[in-house]
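Participant: Kindly return the folded structure for what I paste below:
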Amino acid sequence: QVQVVESGGGLVQPGGSLRLSCTASGSILSVEGMRWFRQCPGQQRELVARMASSGTIEYADSVKGRFTISGDLAKGTVSLQMNSLKPEDTAIYYCNADVFRGTSLARLRYEYWGQGTQVTVTS
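Facilitator: Next up is the predicted model:
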């Protein structure tokens, strides 16, 4: 089994900051990437930031310069530092882990999702 657990959401005023954390644990051979998504009511889930084992880091245009993803994929941990928050950042934020399970000779790739954490930006 693999578990993905997020923490760190909450209520903040516009211009404030929050830090989200995520840990993927369990029977994991390797973590190939971890991503943060968000979803507003009635809207599709959108990619916010991602970090890959290749070293690639990408952000949605709407958060560039304000959000920073960091972590240690070898440990299955990733964080999202969110600064200069805006009301439109309000959403449920989900962590996604892209992992290999099995052995080095027989491995399969899976994706797992956390339960989500609410971020609300309001005055």
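
Participant: and the longest strand anywhere in the chain, how far from the chain's centre?
Facilitator: Secondary structure of the chain per DSSP state E: the longest strand is strand 91-102. Here strand 91-102 is found 7 Å from its chain centre; the criterion is Cα atoms, centre = their mean, to the nearest Å.

Participant: What is the neighbour count of the closest residue in space to residue 93 that isn't next to it in sequence?
Facilitator: Distances taken as Cβ to Cβ, 6 or more residues apart in numbering put residue 38 closest to residue 93, at 4.9 Å, once the chain neighbours are dropped. Using the backbone N, CA and C atoms, a C-beta is placed for each residue, glycine as well. By other Cβ atoms under 10 Å, 23 other residues sit near residue 38.

Participant: so residue 38 touches residue 94, yeah?
Facilitator: Yes: contact between residue 38 and residue 94 holds when scored by Cβ atoms under 8 Å: they sit 7.0 Å apart.

Participant: just to revisit the earlier point, dump the longest strand of the chain to PDB, keeping only the CA atoms.
Facilitator: What follows is strand 91-102, C-alpha atoms only, in PDB (Å, rounded to 0.1, in the frame of the first residue of the first chain):
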ATOM      1  CA  ALA A  91      -9.200  25.800  -3.600                       C
ATOM      2  CA  ILE A  92      -8.600  22.300  -2.400                       C
ATOM      3  CA  TYR A  93      -5.000  21.500  -3.000                       C
ATOM      4  CA  TYR A  94      -4.100  17.900  -3.800                       C
ATOM      5  CA  CYS A  95      -0.700  16.200  -3.800                       C
ATOM      6  CA  ASN A  96       0.000  13.600  -6.400                       C
ATOM      7  CA  ALA A  97       2.800  11.100  -6.300                       C
ATOM      8  CA  ASP A  98       4.100   9.200  -9.400                       C
ATOM      9  CA  VAL A  99       5.900   6.100  -8.200                       C
ATOM     10  CA  PHE A 100       7.400   2.800  -9.200                       C
ATOM     11  CA  ARG A 101       6.500  -0.200  -7.100                       C
ATOM     12  CA  GLY A 102       7.900  -3.700  -7.200                       C
END
